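[1] quick one, structure for this:
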Amino acid sequence: MTDTAHPHPAGLSIDQQLALRTAATRLQQQFDGVFGAETIERFLHSSYDGLAAHSTIPRFLPLLAERFARQRLHALAKVEGHHQDGKPTVLFLCVHNAGRSQMALGFFEYLAEDRAVAWSGGSEPGYEINPAAIAAMAERGIDISREYPKPWTDEIVQAADVVITMGCGDACPIFPGKRYLDWPLDDPAGKGVEDVRPVRDEIERRVRALLDDLGVAART
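    Next up is the predicted model:
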């Protein structure tokens, strides 16, 4: 079957169109032999559209869309059996993907290093990462400032071995056979660093316990 080009999202500048074409080329090189050009462009452009509604910095959208599409394609490859590295995969979900789930992701990636995989998402993605969460994590030497709020997608949920929910309630996706854990944590939205620290510390405790449960050695 011959892949056909997917049209660019509407209203893009020439620079954004060029950036998306360049991103598509990089993704095609990375997933050569796994997915065709049509699938890759579809994921790239739907990732762009999914982020555009919440972005406050349009010039960075092509780069963020490429990062999001890469994550989604890795997830799809796992779901379809194209890639199995044996590493546990955890998905952290909250409402805005701007505070709790981002701090959990930051701790998980820092502590697990390359021994496990983690992703995050939100049912109603916010516009930016909570500045107080960024500051609180920086106190622990973990930089989450380069992260960005994003929605969850079906393939990402399906690829996860464990789904951690944090306050998204009925909006959180439910797939049969998945292992779900609910972490009742205060929402740091609108709070200062002093009030976010206890939430951060509880998240760290829970992430360490999760890694132990998964048999993943935590960084010392």
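[2] residues near residue 69, how many?
    25 (other Cβ atoms under 10 Å). Glycine gets a C-beta too; all of them are placed from N, C-alpha and C.
[3] please apply the same query to residue 99.
    33.
[4] isn't it right next to residue 130, touching?
    Yes - at 4.3 Å, residue 99 counts as touching residue 130 under the criterion of Cβ atoms under 8 Å.
[5] gap between whichever strand or helix holds residue 25 and the chain center?
    Using DSSP states H and E, residue 25 sits in helix 14-30. Relative to its chain's centre, helix 14-30 lies at 20 Å (Cα atoms, centre = their mean, to the nearest Å).
[6] list the buried residues for the next helix or strand after that helix?
    The first helix or strand that comes after helix 14-30 along the chain, using DSSP H and E, is helix 37-52. Across helix 37-52, burial judged by 16 or more other Cβ atoms under 10 Å covers 37, 39, 40, 41, 43, 44, 45, 46, 47, 48, 50, 51.
[7] redo those as TSV? Include pLDDT and distance to residue 66.
    Putting the buried residues of helix 37-52 into TSV (pLDDT from 0 to 100; distance: Cβ to Cβ, whole Å) gives the following:
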residue	pLDDT	distance to residue 66
37	96	15
39	97	15
40	97	10
41	96	12
43	97	10
44	97	7
45	94	11
46	95	13
47	96	8
48	94	9
50	90	13
51	92	11
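[8] all the helices of the chain, in order from the start?
    Listed in chain order, the helices of the chain (DSSP state H) span residues 14-30, 37-52, 61-79, 100-112, 131-138, 154-159, 193-214.
[9] which helices and strands does the third one pack with?
    Packed against helix 61-79, as judged by 3 or more Cβ pairs under 8 Å, 6 or more residues apart in numbering; DSSP states H and E, are the following elements: helix 14-30, helix 37-52, helix 154-159.
[10] okay, the angle between that helix and helix 37-52?
    Taking axes from the mean of the first three to the mean of the last three Cα atoms, to 10 degrees, one finds that helix 61-79 is oriented at 120 degrees with respect to helix 37-52.
[11] cool, and the longest one?
    Using the same axes, to 10 degrees, one finds that helix 193-214 and helix 37-52 are set 150 degrees apart in direction.
[12] now helix 193-214: buried residues?
    Within helix 193-214, the residues that count as buried by 16+ other Cβ under 10 Å are 193, 196-197, 199-200, 202-204, 206-207, 210-211, 214.
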